[in-house]
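S.K.: The following comprises the amino acid sequence and a computationally predicted model.
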Amino acid sequence: MVKKSWKDTVFCPECGNEMLVTDPRTGEVSCPVCGYVVQERDVDMGPEWRSIDEEEESRSRVGAPLSIMYRDHGLSTVIEKIDEDAAGRKLSKEAREKMMRLKKLDATSQVNSSETRNLQQAVNILQIYVDKLHLSQPVAERSMLIYRKALKAGLVRGRSIRSIMAAAAYAACRMMGTPRDLREFERAFPVVKRKTIAQGYRLLLKHLGLKVPVADPSIYLNKIASKVGLDQRTVQEALRILNEAAKKGATVGKDPVGIAAAALYMACQETTQNLTQKDIARAAGVTEVTVRNRFKGLKDILEGATQEVSH
């Protein structure tokens, strides 16, 4: 004999009450009489409803989520050229002609075809940076939002879509604390040069009023250290060096990647790690001259601070 569960007969196994209550927010199934929790998490097998005012008559089934990555936020209509219905049967001549007319009408009913083509090209370029630089979905969506603002403000007119999209992606990386520098953008898509991206970035800052924080060199430490196999002890020492240098103003106006590379090289000397300036420079994507000059500047600042303390 198979023992029936509470799901089969719908009753409380503690007191036998047949009126169980389900909390739609937490998914708990409990008994209102004795308070016994029959199930902590229940699965709602019904349809997904979405309503703001929670009125029965205004509820409707939801579709795919909206996304700023699409030119029409994902609300597009796609009519393909097909000769079969859902069951695989051939369509009649009248049905095929009707579908062709609907497809032409849908294509010609776009509000602004030039803007549509512009956004589609921008999405394709953004996808290159997302794939090559391993950008997250929030960064990609922020990039597209910035580009849409630039397009609406007329900043793309007369300029390359590639350069403005690259500048928007770079601005999004800066705003969301994602460590990507202009060199990486240039390597990911060599058609767009670093100088062009920088010009577009300054244009966006000037006309869109973007609130971009000052680049912090410390966000590049783990990225460079992982490429050369440094441990966390060295990274923490480099972070301490950067904090000391920041207090003295040694990092203001300097390339954050170069400063981070120099701090890591200095930390390697402190922790007796056998790495050369060439190794650090290659991992950071800068020249040895940059690492050498930034290292000398940090050393002079920190040694000067140590001498002041000793006196």
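M.R.: Good, I have the coordinates. Here the structure is a predicted model, which means the values were calculated and not measured.

S.K.: Show residues contacting stretch 231-249.
M.R.: If you take CB atoms under 8 Å, 6 or more residues apart in numbering as the criterion, stretch 231-249 is touched by 217-218, 221-222, 225, 251, 259-260, 263-264, 266-268, 270-271, 273, 298, 301-302, 305. Any C-beta I mention is one placed from the backbone N, CA and C, and that applies to glycine too.

S.K.: Show the end-to-end separation of stretch 223-239, please.
M.R.: Counting by CA to CA, to the nearest Å, the length from the leading to the trailing residue of stretch 223-239 is 13 Å.

S.K.: from here on, count from 38
M.R.: Sure, I'll start counting at 38 from here, so that last one is stretch 260-276.

S.K.: in that stretch, what's buried?
M.R.: Using 16 or more other CB atoms under 10 Å as the burial criterion, the residues of stretch 260-276 that qualify are 260-262, 265, 267, 271-272, 274-276.

S.K.: Tell me the predicted confidence for Ala144.
M.R.: We have a pLDDT of 69 for Ala144.

S.K.: Please apply the same query to Leu188.
M.R.: In the prediction, the pLDDT value recorded for Leu188 is 92.

S.K.: Without its sequence neighbours, what residue ends up closest to it?
M.R.: Residue nearest to Leu188 in three dimensions, not counting chain neighbours: Asn155, with 6.5 Å by CB to CB, 6 or more residues apart in numbering.

S.K.: low pLDDT regions in the chain?
M.R.: By pLDDT under 70, the weakly predicted segments of the chain are 38-46, 79-102, 108-109, 111-115, 144, 146-150, 341-348.

S.K.: need the strands for it, in chain order.
M.R.: For the chain, the strands defined by DSSP state E cover 58-59, 66-67, 74-76, 86-87, 97-98.

S.K.: what sits up against the third one?
M.R.: In other words, strand 74-76. Contact partners of strand 74-76, identified using CB under 8 Å, 6+ apart, comprise 43, 49-50, 57, 64-68.

S.K.: go with 7 Å
M.R.: Residues external to strand 74-76 that are found in contact with it (CB atoms under 7 Å, 6 or more residues apart in numbering): 43, 49-50, 57, 65-68.

S.K.: Now which of those residues would you call buried?
M.R.: For the contacts of strand 74-76, a burial check counting by 16+ other CB under 10 Å picks out 43, 49, 57, 66-68.

S.K.: quick check, nearest of those residues to Lys141?
M.R.: For Lys141, the nearest member of those is Val66. The distance, counting by CB to CB, is 53.9 Å.

S.K.: and that closest one, how far is that from Cys49?
M.R.: Applying CB to CB, to the nearest Å, the value for Val66 to Cys49 is 10 Å.

S.K.: which residues do the two both contact?
M.R.: Overlap between the neighbourhoods of Val66 and Cys49 consists of 57, 75, taking contacts as CB under 7 Å, 6+ apart.

S.K.: Nearest to Ile119 among the buried ones among the contacts of strand 74-76?
M.R.: Within the buried ones among the contacts of strand 74-76, the smallest distance to Ile119 is 46.3 Å, found for Val66 (CB to CB).
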